[in-house]
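Chemist: The following comprises the amino acid sequence and a computationally predicted model.
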Amino acid sequence: MNSSRRRKFASLTANLVVQFLQKQQDTDEHRRAPQSVLLGEIARQKTEQVRDLLRKAIRDTTLIQALDNIQVDKMVDLMSARSFAKGDKIVRQGERGDAFYVLESGTIDIRIQKDAQKSPEGQLVMRGSAGASFGELALLYNSPRAATVTATSDCVVWAVDRHSFRMIIAKLSEDRFKETEQFL
């Protein structure tokens, strides 16, 4: 394949990926609850300390650490705080993912249910505290939640909704394809 064909192919592929993600998000949009209906959401400004915690958590999340500083800041800007009481299920295994989360305060248990007869709560795979992040797998791969996350103390988490998360990831994909196209 000559270089002009490679560039055309890379450009076409990038456009198709972005169109697919936008169409998927448009489909998801009508299923989302209005922002005011989300239980436990706290309307407050982010301090610089909270913004730093969110940036670090996003950069430490393996599947999305390729985001550049502008994309990380955009994700931080779009995050909203939600509170959960001790014992609340923040996400449930098998449910459709609606957000990516970063824990600001409190503690969580992450459990995977493999066999209900062995342990009705599931196997503990991780305990998390301030700076822990979760929920990106279901959003990236449009798959059900892989684990249940339970607040083991009163918690404040910051969340970015599925639509916003996927738009940022789509932009990353588009940028990567443009870089490849320029290289070719």
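Modeler: Everything's here; your move.
Chemist: show me where this structure has helices.
Modeler: According to DSSP state H, the chain carries its helices in the segments 3-29, 48-60, 69-78, 136-141, 162-183.
Chemist: need the least confident one among those helices, by mean pLDDT.
Modeler: Between the helices of the chain, the one with the least mean pLDDT is helix 3-29; it has a mean of 49.
Chemist: can you pull the buried residues of stretch 90-104?
Modeler: Buried residues in stretch 90-104, counted by 16 or more other C-beta atoms under 10 Å: 90-91, 93, 97-104. For every residue, glycine as well, the C-beta is placed using N, CA and C.
Chemist: hmm, which two among the residues you listed are most spread apart?
Modeler: The most widely separated members of these are Gln93 and Glu104, with 23.1 Å between them, by C-beta to C-beta.
Chemist: Next, give phi and psi for Lys114.
Modeler: Recorded main-chain torsions at Lys114 are phi -110, psi -40, according to degrees, to the nearest 10.
Chemist: Quick check, pLDDT for Arg31.
Modeler: Taken from the predicted model, the pLDDT recorded for Arg31 is 43.
Chemist: What of the one 4 residues further on?
Modeler: At Gln35, the predicted lDDT confidence score is 38.
Chemist: likewise Asn2?
Modeler: 55.
Chemist: Could you shift the numbering so residue one becomes 38, and keep it that way?
Modeler: Sure, I'll start numbering at 38, so the last one becomes Asn39.
Chemist: mind checking how far Trp195 is from Ala103?
Modeler: When distances are taken as C-beta to C-beta, to the nearest Å, Trp195 and Ala103 turn out to be 20 Å apart.
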